[in-house]
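Colleague: Structural data only, the sequence is not supplied:
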């Protein structure tokens, strides 16, 4: 069946969450948001493109930082209201210069920083 | 620093997205939603507990199906508005009886079913 981004379920702001996972290591890198046009652009260009809720603009990941995400495969969940994008990530995915945005763990009721910024 | 669920950033409905990842294989299993109380219950009980938006009730994963998720570690992202839960998953995570909810891939513009329901 041909894929049509308009058939996904978006929230009241026209967005759905997209989880980026390193296609090689399986590490979950980040969660950001896409609208239907961002989904279409990601598939067309192979460059993962989100919608920045703060800047209210398309966000081609790595466009300014160089830390691009190249799409390996997009996956849709059973409810069609969330996406998983398997990516090749150049450098850190996180704006803190860490590989993953999920660098804080909760261990024994305490927050623990699990990774340091990359060189 | 002691972790307090109220310090996370929730949306206007008091929810944030939580991504469940198989702690052993790294497979991304599902994305669902938690409110502050669901976060607290997950940590207290070690049983991953979401907020069901459709049923408007706490959803202890696997409570009726037996397909429980036992928490291995909760992680917080840099913006504190998304969670990653590393879990031990019994059986399928998806209500379609598949291991992962992300069983549909987009390949060459077509939707492709990547996995079949478990026995």
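Modeller: Looks like it arrived, so ask away. Here the structure is a predicted model, which means the values were calculated and not measured.

Colleague: which residues does residue A:80 contact?
Modeller: A:7-9 (CB atoms under 8 Å, 6 or more residues apart in numbering or on different chains). Backbone N, C-alpha and C define where each C-beta goes, glycine included.

Colleague: cutoff 10 Å now
Modeller: Under the criterion of CB atoms under 10 Å, 6 or more residues apart in numbering or on different chains, the contact list for residue A:80 reads A:7-10, A:16, B:104.

Colleague: Take those residues and keep only those in strands.
Modeller: A:16, B:104 (DSSP state E).

Colleague: which one of the contacts of residue A:80 has the most neighbours?
Modeller: When neighbours are counted by other CB atoms under 10 Å in any protein chain shown, residue A:16 leads those with 26 neighbours.

Colleague: beta partners of that residue?
Modeller: Residue A:16 has these beta-bridge partners by DSSP bridges: residue A:34.

Colleague: what number of residues lie near residue A:19?
Modeller: Residue A:19 has 24 nearby residues by other CB under 10 Å.

Colleague: what about the helices in chain A?
Modeller: Along chain A, counting by DSSP state H, helices occupy A:36-45.

Colleague: which residue does it bring closest to chain B?
Modeller: With CB to the nearest CB as the measure, residue A:26 is the residue of chain A nearest to chain B, at 3.0 Å.

Colleague: how close does the spatially closest residue to that residue that is not a sequence neighbour get to residue A:62?
Modeller: Nearest non-adjacent residue to residue A:26, counting by CB to CB, 6 or more residues apart in numbering or on different chains: residue B:26, 3.0 Å away. Distance, residue B:26 to residue A:62, using CB to CB, to the nearest Å: 23 Å.

Colleague: ditto for residue A:45
Modeller: 12 Å.

Colleague: what residues are up against the nearest residue to residue A:82 once chain neighbours are set aside?
Modeller: Nearest residue to residue A:82, sequence neighbours excluded (CB to CB, 6+ apart): residue B:31, at 4.2 Å. Going by CB under 10 Å, 6+ apart, residue B:31 touches A:16-19, A:31, A:77, A:79, A:81-84, B:17-20, B:50, B:82, B:101-102.

Colleague: can you do 6 Å?
Modeller: Going by CB atoms under 6 Å, 6 or more residues apart in numbering or on different chains, residue B:31 touches A:82, B:17, B:19.

Colleague: go on, residue A:106?
Modeller: Residue A:106 neighbours (CB under 6 Å, 6+ apart): B:3, B:74.

Colleague: Go again with 10 Å.
Modeller: Listed by CB under 10 Å, 6+ apart, the contact partners of residue A:106 are A:112, B:2-3, B:5, B:39, B:42-43, B:71, B:73-76, B:83, B:85.

Colleague: Kindly list the main-chain dihedrals of residue A:95?
Modeller: Main-chain dihedrals, residue A:95, degrees, to the nearest 10: phi -70, psi -10.
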